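A.B. asks: Predicted structure and sequence below. I'll ask about it afterward.
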Amino acid sequence: MQVTLAALGSGRWDTLTGQVQARLLQAQCILGAPRLLADLPAECTPNRIAATTAGDLLAAIRREGLERTVVVYSGDSGFYSGARSLIPLLEAEKIEYTLLPGLSSVQMLAALLGRPWQDWLLVSAHGVDCDPVAAVMQGRPAFFLTGGALDPAALCKKLVEAGLGQLPVTVGENLYRPQQRITALTARDGVEKRFAPLSVLLAEAAPMPPRRSPGLPDSTFVRGKVPMTKQLVRAAILAKLAVAPEHTLWDVGAGTGSVSVELALAAPKGRVYAVEYKPEACDLIRQNREAFHTWNLELVPGRAPEALGALPAPDAVFIGGSGGAMDAIVQAALEKNPHVRLCISAIALETVQAAMAALAARGIPATVTQLAVSETRPTGGLNLLMANNPIFLITGNCDD
């Protein structure tokens, strides 16, 4: 028995490779999605069996037991194809197979737009969840293979909710088929549009500030009258939390959002939730989010711990203000992730004591670090060393 896994691209016969055409014409049985089978010419065998899941395909291959069987897939066999699910089953059964490529939707769209695609970020939103905001923050255009609940309009809605309503996007529908349509628009305009089930989305790279090490200058933030965590302290917080690009992060008691911004820049593939209940502070967080283009930063207005209940499990949490609810906030974070990295800032000894007690009550060893920073300030013809208030950082689960 010889099984061929053949990619049909758009399904149009004249776009198939010669190898794929020859195998289809010689096949004794052809398996695949009903749409693909219906598009095959009459010259191909009428013995066509509709099946899509790897288990159903394998069962049909066994049942037919023919020498020349072809399983057809849309697009390219190496680009988010169902072929990868069937291959392990064939190998387990010791059934020989040949994998033949086809035109992928990313190749088709790139050709129609006259653009190279080698620098695009390729993302599947076909029946799986994905984060388009994180994708467009990678500094290059993002191509989305869509399908299911995440059609182009749904992806555009997520971009708009993150503040990227003006981001240019291109939608390709029914590529290389008679109903083909290419539409260039903004993400905001895309939310209200209806697109064909066979659609792909190309979103341009989101505007981003130049990448740099943690510890942005204090003067670059909108501050108002809300206290702000200073530059060197922010750099130490990120070091303690060991932020990775894909992390989910909480900033509880976010204040101006300076730490939230730093976290968001350090985790462009992740998501940062800035929790703050003071209206004037929430407004500053919004302004700083816009100023630094940290589209993966989401403001969560409300008091902790109540505002934490609906948030996803964090990899790391910074607590810059607890409002007297330190124990409950620590508990809420650990309930979401027992191994979460915790960093708590304090200027009062009572806050240090509360943080240590909250960690100790849960069997987590606490490490206390004091940061005492002095900076020169010119006075007359002299430079005097002026001390800032000492800051304590209390950390738990941060020793690795």
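C.D. replies: Good, I have the coordinates. Numbering: from 1, shown residues only.
A.B. asks: Give me the residues contacting stretch 331-342.
C.D. replies: Residues outside stretch 331-342 that contact it (C-beta atoms under 8 Å, 6 or more residues apart in numbering): 240-242, 250, 304-305, 308-309, 311-317, 319, 330, 358-359, 362, 364, 395-398. To be clear about C-beta, it is placed using only N, CA and C from the backbone, and glycine gets the same treatment.
A.B. asks: make it 6 Å
C.D. replies: 241, 305, 308, 313, 314, 316, 317, 396, 397, 398 (C-beta atoms under 6 Å, 6 or more residues apart in numbering).
A.B. asks: Which two among those residues are spaced furthest apart?
C.D. replies: Farthest-apart pair in the contacts of stretch 331-342 is 305 and 398; separation 20.8 Å (C-beta to C-beta).
A.B. asks: who's in contact with residue 358?
C.D. replies: Taking C-beta under 6 Å, 6+ apart, one finds 326, 327, 330 in contact with residue 358.
A.B. asks: Now, the residues you listed that are in helices?
C.D. replies: If you go by DSSP state H, the contacts of residue 358 have 326, 327, 330 in helices.
A.B. asks: Nearest residue to the last one in space, please, no chain neighbours.
C.D. replies: In space, and not counting its chain neighbours, residue 330 is closest to residue 358: 4.2 Å by C-beta to C-beta, 6 or more residues apart in numbering.
A.B. asks: buried ones in the strand or helix carrying the one you found?
C.D. replies: According to DSSP states H and E, residue 358 maps onto helix 349-360. For helix 349-360, the neighbour count (16 or more other C-beta atoms under 10 Å) marks 351, 352, 354, 355, 356, 358, 359 as buried.
A.B. asks: Beyond it, next helix or strand please.
C.D. replies: Helix 349-360 is succeeded, C-terminally, by strand 367-371 (DSSP H and E).
A.B. asks: Contacts for that next one next, please.
C.D. replies: 233, 390, 391, 392, 393, 394, 395.
A.B. asks: Touching, the last one and residue 242? I think so.
C.D. replies: No - distance between residue 395 and residue 242: 10.3 Å, which falls outside the contact criterion (C-beta atoms under 6 Å).
A.B. asks: okay, the ones in helices among the contacts of residue 358 in TSV with distance to residue 107, neighbour count and pLDDT next?
C.D. replies: Output for the ones in helices among the contacts of residue 358, formatted as TSV (distance: C-beta to C-beta, whole Å; neighbours: other C-beta atoms under 10 Å; pLDDT from 0 to 100):
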residue	distance to residue 107	neighbour count	pLDDT
326	55	25	96
327	56	17	96
330	51	27	96
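A.B. asks: Can you name the residues bridging to the nearest residue to residue 242 once chain neighbours are set aside?
C.D. replies: Sequence neighbours aside, residue 341 is the residue nearest to residue 242 in space, at 6.5 Å (criterion: C-beta to C-beta, 6+ apart). Taking DSSP bridges as the rule, residue 341 bridges to residue 316.
A.B. asks: State the distance from residue 341 to residue 333.
C.D. replies: 10 Å (C-beta to C-beta, to the nearest Å).
A.B. asks: Burial check on residue 173, number of neighbours?
C.D. replies: 17 (other C-beta atoms under 10 Å).
A.B. asks: Look at the nearest residue to it once chain neighbours are set aside and tell me its secondary structure.
C.D. replies: Leaving aside its sequence neighbours, residue 173 sits nearest to residue 196 (C-beta to C-beta, 6+ apart; 4.1 Å). Assigned state for residue 196: coil (three-state reduction, DSSP: H, G, I helix; E, B strand; the rest coil).
A.B. asks: For burial, what's the neighbour tally of residue 196?
C.D. replies: Neighbour count of residue 196, defined by other C-beta under 10 Å: 16.
A.B. asks: thought residue 167 was touching residue 187?
C.D. replies: Yes - between residue 167 and residue 187 there is a contact under C-beta under 6 Å: 4.7 Å.
A.B. asks: Buried ones in stretch 206-221, by neighbour count?
C.D. replies: Neighbour count says stretch 206-221 has 206, 208, 214, 215, 216, 221 buried, by 16+ other C-beta under 10 Å.
A.B. asks: go on, stretch 86-100?
C.D. replies: Going by neighbour count (16+ other C-beta under 10 Å), the buried part of stretch 86-100 is 86, 87, 90, 95, 97, 99, 100.
A.B. asks: and residue 313, how far is that from residue 265?
C.D. replies: Residue 313 sits 22 Å away from residue 265, going by C-beta to C-beta.
A.B. asks: Could I get the full set of helices for the stretch 51-200 of the chain?
C.D. replies: Applying DSSP state H, counting those that start in this stretch to the stretch 51-200 of the chain gives helices spanning 54-64, 83-92, 105-113, 132-136, 152-161, 187-191.
A.B. asks: out of the ones you listed, deepest packed?
C.D. replies: Among the helices of the stretch 51-200 of the chain, helix 132-136 has the highest mean neighbour count (mean count of other C-beta atoms under 10 Å), at a mean of 26.
A.B. asks: What is the burial count for residue 72?
C.D. replies: Around residue 72 there are 28 residues (other C-beta under 10 Å).
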